[in-house]
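Participant: got a sequence here, can you model it:
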Amino acid sequence: MHHDELMQLIVDGGSEAVEFKKSAGMMREAVETICAFANHHGGYLIVGIDDDGSVTGQHVSDDTLKNVANEIKLNTEPRLYPSIEKVKLSGKDCILVTIEESPLKPHLAYGRPFLRVGPTNQRMDREQYQYLLQQRYNGYGFDTQILPQAGIQDIDLESLFKFVETANSVRDLNENTMLPPEIILEKLDLIRDGHLTKAALLLFGHQPEKYFLNHFEIKCGIFITDDGYDQVINEKEYKQNLFNNFELVLYYILEAIKKNSRKGRIHRLEAYEFPAAVIREAVVNMIVHRDYRQDIKSTVEIRPSAISLNNPAQLFTPTISIERLKQYHPSRPGNKLIARIFYLLRLFENWGGGTLKIVNETVKSGKKEPQFSYSDGIFRLELLR
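Facilitator: Here you go, the predicted model:
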């Protein structure tokens, strides 16, 4: 975060997402605040600021930062690993602790769950805690969980070996395609403790709807008007594994959008209405970043004025915001195993530049800047025609 942005946070005062501590000696309260932020929408803790907003400063050494990190790590469950850095404000050293909304909430601090309510930390009631606990087991990060009832017979071996061949070519995965599928899946972290993970079934499952009905499908449609859902043509719903769904949805969109043709030296050259790289990136983001705990289908709507891709998701605020999607930002895939497979396919980069690429390539092609929005748990990308 830039100096001016930090100073503005101080001017605005403590809030739902900002708290000040005068010194690192107030660590118990600080850990409770970090826990409350993680259980809510994330936030910033600045150490070296008095309650009235005056910058008092704080001695900050490498050991100080390590001690703060250890205090948070050792006294939270599941453990929290926020960003901790030394910053200079009004010429004085301070500590900035940044924590995102956690996909593994609820977290405990010193054995108790806290929630951020306005500018205060409050003990979470039992009902709230149980609800969030249930969400954790069905939410982001679930792709690492195992499915004991699933077996290798549930894996589409054609998809798996096609992936290996592609990854060997584009990422030098250097994997032996003659190995048994169980060994390949284990080396990809898609088998754990002898059981298939949910990521394995989503990515390469023969019939993923057997385990994830209404949680992974992608519904596509071409609409005659900009509003309503009655007048739709060429409606499709893709229910194959994610590896196949990506190719099917990409092909659907590219076939549906306009193409321009111009004469080349030897052959006629075709250019899509939007760069193919933009459509590819948009589809990958929709698959990698979707929240698979929600029984809501991802959708692609092709309308006269825009193409929109919609999927349930979680913004990892405050690090990720709608505004920051149009600039370089940390990569925060909620489904790390799924993201890694698309990385090995050279379709996903772990740099946080995917949405920026969508913006830049779209504008470069002469189109209006794409629009991102997030409402009621649904992320939406609009490519304006």
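
Participant: mind checking the SS state of residue 219?
Facilitator: The three-state assignment at residue 219 reads strand, by DSSP: H, G, I helix; E, B strand; the rest coil.

Participant: and the gap between it and residue 297?
Facilitator: 5 Å (Cβ to Cβ, to the nearest Å). In short, each C-beta sits where N, CA and C put it, glycine included.

Participant: which residues do the two both contact?
Facilitator: Taking Cβ atoms under 8 Å, 6 or more residues apart in numbering as the contact criterion, the common neighbours of residue 219 and residue 297 are residue 237.

Participant: just say helix, strand or coil for the residue nearest the centre of the chain.
Facilitator: When Cα atoms, centre = their mean is applied to the chain, the residue found nearest the centroid is residue 333 (3.4 Å). Following three-state DSSP, residue 333 is assigned to coil.

Participant: dump the residue contacts of it.
Facilitator: For residue 333, the contact set (Cβ under 8 Å, 6+ apart) comprises 288-289, 339, 348, 350.

Participant: separation between it and residue 174?
Facilitator: 24 Å.

Participant: with residue 50 instead?
Facilitator: Counting by Cβ to Cβ - residue 50 and residue 174 are separated by 57 Å.

Participant: more neighbours: which of these two?
Facilitator: residue 50 (12 against 7; other Cβ atoms under 10 Å).

Participant: that one contacts residue 21, doesn't it?
Facilitator: No. Contact criterion Cβ atoms under 8 Å: residue 50 and residue 21 do not qualify, at 9.1 Å.

Participant: touching the host helix or strand of residue 202 from outside, list them.
Facilitator: In the assignment (DSSP states H and E), residue 202 maps to helix 198-204. Identification of contacts with helix 198-204 by Cβ under 8 Å, 6+ apart yields 142-147, 150, 154-156, 159-160, 163, 185, 190-191, 208, 211-212, 216, 241-243, 292, 335, 337-338, 341.

Participant: where does residue 94 land in three-state SS?
Facilitator: Here residue 94 is strand, with the state taken from three-state DSSP.

Participant: does it touch residue 60 like I think?
Facilitator: Yes. In this structure residue 94 lies within contact range of residue 60 using Cβ under 8 Å: 7.2 Å.

Participant: how is the chain divided into domains?
Facilitator: 3-137, 142-385 (automatic domain parsing).

Participant: against residue 55, how distant is residue 273?
Facilitator: Applying Cβ to Cβ, the value for residue 273 to residue 55 is 52 Å.
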